[in-house]
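Enquirer: Need a 3D model of the following:
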Amino acid sequence: MLARRFTTTLFLWLALVLLLPAPLARAVTIQILHTNDLHASMESAGIPRAGDVENGGWAQIKAKMDALTASAAAQNIETIRLDAGDFIEGTMLYFPNHGRDVFRAYLQMGYDASALGNHDWLMGATGLNTLFGEMTELGLLTPKNHPILSANIELGPRMNHLRAQMKPYTIIERAGVKIGVMGLSTTEAFYKWIPKIRSRKSDFKLKDYLDSKRTIVDDETGEERTEYVPGIANKTIRALKHRVDAVVALTHIGFDEDLELVQGTRNLDLVVGGHSHTFLETLSAAFDRDGNSVPVVQTGYSGHSIGRVLIDVEKGKKAKVLSYELIDVPTDGRKDPVVATSVKTAQDEFRKMYGPEYLDKEIGKSEVRLVSGKFGPTAFGKFSVDAIRESLDADVGIDVGAFHSEKPQSAGVVTRQTLMDMYPRKFEADQAQGLSVYRARIPGFVIALGIKFATKYGLFVSFSGVDYKPTKLTETEYAKEYKKATESKRDMMGRYRAKDITVNGNKVCLLCTYNVAAPESLIRGAYGISFLTRLVIWGGKRSEKTIWDAFEEHLSKIKVIRRLGNDERYNPRRYTDSYQRKWIDKVDAEQVLEEGGQPASAAELDHDGVSTSKLYEMFLKDVMRVKALKINNQTDIDSLDAEI
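Expert: The predicted model follows:
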């Protein structure tokens with residue numbers, strides 16, 4: 001009787017508990033601090049424009065993140081620190097010990113996870129595997145204390161240290177909620193060949209991460225329908241979604257690709273991006289497959305700024321962004337002492353490697369600050385391509401500003417280190433003197449089409465020994481070309497076209513072969529993108545000259561790097577457009593000519609964020625089509641504008 005009464009009471013009590021309303025779920029606010037594309041800029045990010053405040057420095061970034069973390073903790077808000085990749089390579093501090101000093105300092109900055117960027121594997125898969133092993137032995141790198149993320153890199157069995165350390169995702173718990181962080185790396189063709197340096201093809205494979213499409217035909221009705229085959233991104237998100245309360249994509253694929261990622265996936269809550277060096281001062285967003293708006297953030301490059309996102313995470317609901325801002329990091333600000341010591345060690349190793357007498361030798365002077373030619377014609381860009389051409393006494397010199405340092409150097413005395421700092425690139429560990437100048441032979445019609453293509457689609461490529469006239473289309477001419485163009489090209493077409501192309505003062509000879517000098521990275525990269533390159537760039541091989549040799553010889557000859565128009569105009573500080581990456585400082589070709597500038601394919605830099613690799617592949621297809629037309633030296637090259 002007593003047992004029955006106890007059972008009845010227990011049953012009634014349980015029923016009452018089940019009928020009571022469940023306690024309301026509470027949203028938890030999390031602070032996310034993020035950086036991207038630090039590029040070994042351990043000392044500072046430089047001054048983007050004359051008169052700007054100097055920002056950056058890794059010890060300063062660490063101190064600023066610590067302060068923001070402490071401030072949030074005082075409000076009972078916990079913090080996650082993320083970096084979106086490209087941290088090892090980018091300045092001369094990478095050269096000593098092949099990035100070991102840089103990586104050691106980076107691992108002291110307190111990140112919870114990092115994506116792997118293309119400049120991080122610039123040493124090749126074997127070199128990166130060795131570096132990871134050394135950092136693991138020092139106890140600085142473990143999957144728990146600093147996971148390196150990439151869901152779309154497939155590693156071979158020889159990559160033991162990379163396999164142990166790299167993960168497709170990690171789960172970070174803060175204040176009782178779990179945040180899943182998925183990593184993605186760029187699949188641009190220009191960077192796919194680099195991991196093979198002194199490595200095997202099977203060591204390191206970059207795989208597409210978006211869904212693929214296939215067409216299904218109904219056997220009975222014959223009707224076609226498109227079906228999506230889940231890709232790596234959606235598969236990874238799906239694996240995470242049931243284990244966490246929010247999913248963040250930590251990507252090194254570029255701003256436009258981030259938007260494409262959102263549009264092709266479900267259940268992402270936030271994208272923290274890198275690779276395109278895009279300064280997003282305002283929150284950007286795109287709609288996912290289910291029509292939900294997903295925020296996208298990025299902080300530019302070299303540590304000018306730290307991104308700060310506050311999100312509300314609530315179990316069972318989509319995370320909500322409460323605020324987003326970029327916080328500048330003044331170089332003269334407070335420094336973290338531990339990271340500052342590591343930066344000093346890297347600086348000392350660099351000076352020790354080359355010696356003060358070698359580095360401090362005065363080579364010449366410059367009237368203006370030396371600014372990368374990435375965004376258009378600058379004094380340094382012209383100096384660089386002229387030096388490359390003259391070093392091999394070539395007909396044509398070619399250079400790309402993306403290989404220049406984005407940290408400007410001061411006007412005045414130009415030392416050997418100044419020149420090294422402006423072109424701090426190497427592939428192999430033993431390239432202590434930087435990249436080589438390569439020689440190659442290119443048909444005249446390919447050079448002409450390259451100039452026309454670059455002008456039409458807003459790519460800036462520096463040429464020496466070549467001249468042309470950028471001409472703006474009339475509305476009628478533009479409308480006519482627009483109508484004939486394929487849909488994929490219409491949105492990228494600018495309004496300028498290159499006319500009257502000459503080589504060394506003579507009209508370009510379409511079927512003649514010209515001797516060309518170009519950076520090692522350009523020739524090796526072009527060959528790596530497509531086998532078709534060898535059909536249009538013949539006999540590319542290393543010369544006895546390095547880029548730095550070429551610079552020193554040329555400056556010793558000309559004595560002074562002269563002003564080229566408004567050299568400060570071509571280094572835009574920030575992008576703010578939410579949906580399309582547009583260059584802020586569009587260049588008016590006529591104004592450039594009036595100021596004595598080189599005629600610029602940057603006449604209208606407005607292509608819709610298409611990667612250089614994709615544009616190059618598109619150009620090669622155009623060249624093959626023109627080649628099939630059986631052109632001759634009497635062919636009007638301007639008549640081929642419609643073919644590109």
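
Enquirer: who's in contact with the nearest residue to residue 551 once chain neighbours are set aside?
Expert: Once flanking residues are discounted, residue 551 sits nearest to residue 419: 4.3 Å by CB to CB, 6 or more residues apart in numbering. All C-beta atoms are positioned from the backbone trio N, CA, C, and that covers glycine. Residue 419 makes contacts with 363, 548, 551-552, 555, as judged by CB atoms under 8 Å, 6 or more residues apart in numbering.

Enquirer: Alpha carbons only: can I get stretch 390-401 in CSV?
Expert: Taking Å, rounded to 0.1, in the frame of the first residue of the first chain, the C-alpha atoms of stretch 390-401 are listed here in CSV:
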residue,chain,number,x,y,z
GLU,A,390,66.9,46.3,-69.4
SER,A,391,68.5,43.6,-67.3
LEU,A,392,68.2,41.2,-70.2
ASP,A,393,68.2,43.8,-73.0
ALA,A,394,64.8,42.4,-74.0
ASP,A,395,62.3,43.9,-76.5
VAL,A,396,59.5,43.9,-73.9
GLY,A,397,59.4,43.9,-70.1
ILE,A,398,56.3,42.7,-68.2
ASP,A,399,55.6,43.0,-64.5
VAL,A,400,52.6,42.7,-62.2
GLY,A,401,52.1,45.0,-59.2
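
Enquirer: Identify each buried residue in that stretch, please.
Expert: 390-392, 394-401 (16 or more other CB atoms under 10 Å).

Enquirer: Strands - which of those land there?
Expert: Cross-referencing the buried residues of stretch 390-401 against strands under DSSP state E gives 396-399.

Enquirer: Relative to residue 275, which of these is nearest.
Expert: residue 399 (21.5 Å; CB to CB).

Enquirer: what's across from the closest one in the sheet?
Expert: Beta-bridge partners recorded for residue 399 (DSSP bridges): residue 462.

Enquirer: Distance check, it against residue 379.
Expert: To residue 379, residue 399 is 13 Å away according to CB to CB, to the nearest Å.

Enquirer: Filter the contacts of residue 419 down to just the ones in helices.
Expert: Mapping the contacts of residue 419 onto helices (DSSP state H) picks out 548, 551-552, 555.

Enquirer: Select from these the one having the most neighbours.
Expert: Taking other CB atoms under 10 Å as the neighbour criterion, residue 551 ranks highest of the ones in helices among the contacts of residue 419 with 26 neighbours.

Enquirer: ok, now how distant is it from residue 124?
Expert: 26 Å.

Enquirer: Same question for residue 306.
Expert: 31 Å.

Enquirer: And for residue 316?
Expert: Residue 316 is 45 Å from residue 124, by CB to CB.

Enquirer: Equivalent analysis for residue 379, please.
Expert: 34 Å.

Enquirer: Residue 331 and residue 54 touch, don't they?
Expert: Yes. Between residue 331 and residue 54 there is a contact under CB atoms under 8 Å: 4.4 Å.

Enquirer: Who has more neighbours out of the two?
Expert: With neighbours defined as other CB under 10 Å, residue 331 and residue 54 compare such that residue 331 has more, 19 against 16.

Enquirer: Now do the contacts for the more buried one.
Expert: Residue 331 neighbours (CB under 8 Å, 6+ apart): 44-45, 54-57, 60.

Enquirer: go again using 6 Å as the cut-off
Expert: 44, 54-57 (CB atoms under 6 Å, 6 or more residues apart in numbering).

Enquirer: So, low pLDDT: which residues of this structure?
Expert: 1-25, 565-613, 642 (pLDDT under 70).

Enquirer: Pick out the residue nearest the middle of it.
Expert: Geometric centre of the chain, nearest residue: residue 275, 2.6 Å, by CA atoms, centre = their mean.

Enquirer: what about the helices in the stretch 1-150 of the chain?
Expert: 2-19, 58-73, 100-106, 125-137 (DSSP state H, counting those that start in this stretch).

Enquirer: Verify the stated contact: residue 329 with residue 55.
Expert: Yes. Residue 329 lies in contact with residue 55 (CB atoms under 6 Å); the separation is 5.3 Å.

Enquirer: what's the closest non-adjacent residue to residue 424?
Expert: Leaving out its chain neighbours, residue 424 is closest to residue 92 (CB to CB, 6+ apart), at 4.7 Å.

Enquirer: how far away is that neighbour from residue 455?
Expert: Distance from residue 92 to residue 455, by CB to CB: 34 Å.

Enquirer: Which of the two has more residues huddled nearby?
Expert: Using other CB under 10 Å, the more surrounded residue of residue 92 and residue 455 is residue 455, with 28 against 22.
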